[in-house]
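[1] Provide a 3D model corresponding to the input given below.
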Amino acid sequence: MFMKIVVALGGNALQEGKKAPTALEQLNIIKETSKHICDLIEEGHQLVIAHGNGPQVGRILLQNEQSKNEIPPMSLDVCGAMTQGMIGYHLQQAIGEELQLRNIDKKAISIVTQVVVDKNDKAFKNPTKPIGQFYSKEEADILIEEKEYTMTEDAGRGYRRVVPSPVPKEIVEIDVIKKLVDEYIVITVGGGGIPVIKENTLKGVEAVIDKDLASEKLAEDLDADILLILTAVEKVALNFGKKDEMWLDSVSVKEANRFVAEGHFAKGSMLPKINAAVKFASSKKGRKAIIASLNKGSDAVKGKSGTVVEI
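    Numbering: from 1, shown residues only. Next up, the predicted model:
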């Protein structure tokens, strides 16, 4: 059965922590990612691709800081737009190359996508979205004092800068996306989309929208069958990393909400994925979300891997 699938790519699909953060290394990793994406395309599914940008936008902000005495820093929304172009370009190249190798007559196209948020969203007063690299506690304390960053511990991996992450309300280019999905593999809402508010016109704001929530909004708007959230682990786990760790093949919306309330999922890691999966599965009868590892996306769609979230 062929389905319309919105694929949300996590950070491990775009870079590897042990590799140097260069454009060439990112392209090489995305080439591997594209093989898994093209498996789904070759099976006949209609794909729309979203992706994160946390590490990439963090590095651009770091470049801004280091060169600010010579070049004025760019705002966070503009940095987000830059990552959409960079990552979209690499995905287009890599997917195009892989499709050509498989003799599949399709093309990938990326859309610079704006996403409307509420200017009164409480997130602007409570930054929670991790971006950029990991720091030690000592390094984080220096950044708090010298740059007035908001820093937080991220799932036991170190400290990261956090910025406002408002809820996505509307995808500005959705009508264009709908016209393109039948003919092209569309790459959109990259990094969660460029956050904008509606005044007389659209105005960019200093924030980063969560990629998983933006992907969920996209999946709803496109009436997708599946929201496929690809990440670094094969399944969702309760008590992750502990002796009583338990991996989940499937979870109902009701159960997922209970697990969230019990604090099973880390804010900077699995929690936004669970929240997005629950929202999509709840949005219409028959819809389901799957959280799975990148290299088992095809198996997950077939029910052989991943954690399924549905009513």
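
[2] list the buried ones in whichever strand or helix holds residue 87?
    In the assignment (DSSP states H and E), residue 87 maps to helix 76-101. For helix 76-101, a neighbour-count test (16 or more other Cβ atoms under 10 Å) marks 76-77, 79-84, 86-88, 90-92, 94-96, 98-99 as buried. The way it works is simple: take the backbone N, C-alpha and C, and place the C-beta from them, glycine included.

[3] Also stretch 164-173?
    164, 165, 166, 168, 171, 172, 173.

[4] first vs last residue of that stretch, how far apart are they?
    22 Å (Cα to Cα, to the nearest Å).

[5] Show me the contact partners of it.
    The contact list for stretch 164-173, computed with Cβ atoms under 8 Å, 6 or more residues apart in numbering, reads 111-118, 121, 123-124, 126-129, 177, 188-189, 192-193, 195-196, 202, 205-210, 213-214, 217-218, 221.

[6] ok, residue 26 touching residue 13?
    No. Residue 26 is beyond contact range of residue 13, at 10.4 Å (criterion: Cβ atoms under 8 Å).

[7] Those two: which is more packed in?
    Ranked by neighbour count (other Cβ atoms under 10 Å), residue 26 and residue 13 place residue 13 first, with 28 against 21.

[8] wait, what's in contact with the more buried one?
    So residue 13 contacts 29, 30, 33, 51, 230, 294 (Cβ under 8 Å, 6+ apart).

[9] Narrow those residues to those in helices?
    29, 30, 33 (DSSP state H).

[10] Quick check: of those residues, which has the highest neighbour count?
    Neighbour max across these (other Cβ under 10 Å) = residue 33, 25 neighbours.

[11] how near is the nearest residue to that residue once chain neighbours are set aside to residue 113?
    In this structure, residue 33 finds its nearest non-sequential neighbour in residue 13, 4.4 Å apart by Cβ to Cβ, 6 or more residues apart in numbering. Distance from residue 13 to residue 113, counting by Cβ to Cβ, to the nearest Å: 18 Å.

[12] Show me what the helix or strand where residue 115 lies packs onto, helices and strands only.
    Assigned by DSSP H and E, residue 115 belongs to strand 114-116. On a contact count with 3 or more Cβ pairs under 8 Å, 6 or more residues apart in numbering; DSSP states H and E, strand 114-116 meets strand 170-171, strand 194-198.

[13] Okay, now the unreliable bits of the stretch 51-200 of the chain?
    By pLDDT under 70, the stretch 51-200 of the chain has no low-scoring segment.

[14] where exactly do the strands run in the stretch 201-311 of the chain?
    202-204, 226-231, 236-238, 246-248, 250-252, 288-293, 307-310 (DSSP state E, counting those that start in this stretch).

[15] give me the number of residues near the closest residue to residue 285 other than its chain neighbours?
    Nearest non-adjacent residue to residue 285, counting by Cβ to Cβ, 6+ apart: residue 311, 6.9 Å away. Around residue 311 there are 14 other residues, counting by other Cβ under 10 Å.

[16] Enumerate every residue touching residue 311.
    Each residue near residue 311 by Cβ under 8 Å, 6+ apart is listed here: 252, 253, 281, 282, 285.

[17] ok, how many other residues are close to the fourth one?
    Summarising burial for residue 282: neighbours were counted as other Cβ under 10 Å, giving 17.

[18] which residues sit in contact with it?
    With Cβ under 8 Å, 6+ apart, residue 282 has these contacts: 253, 311.

[19] Can you tell me how far it is from residue 3?
    Distance from residue 282 to residue 3, by Cβ to Cβ: 19 Å.

[20] Check the second one too.
    Taken as Cβ to Cβ, the spacing of residue 253 relative to residue 3 amounts to 20 Å.

[21] which residues does the closest residue to residue 279 other than its chain neighbours contact?
    Among residues not flanking residue 279 along the chain, residue 216 sits closest, at 5.2 Å (Cβ to Cβ, 6+ apart). Residue 216 makes contact with 227, 276, 277, 279, 280, 289, according to Cβ under 8 Å, 6+ apart.
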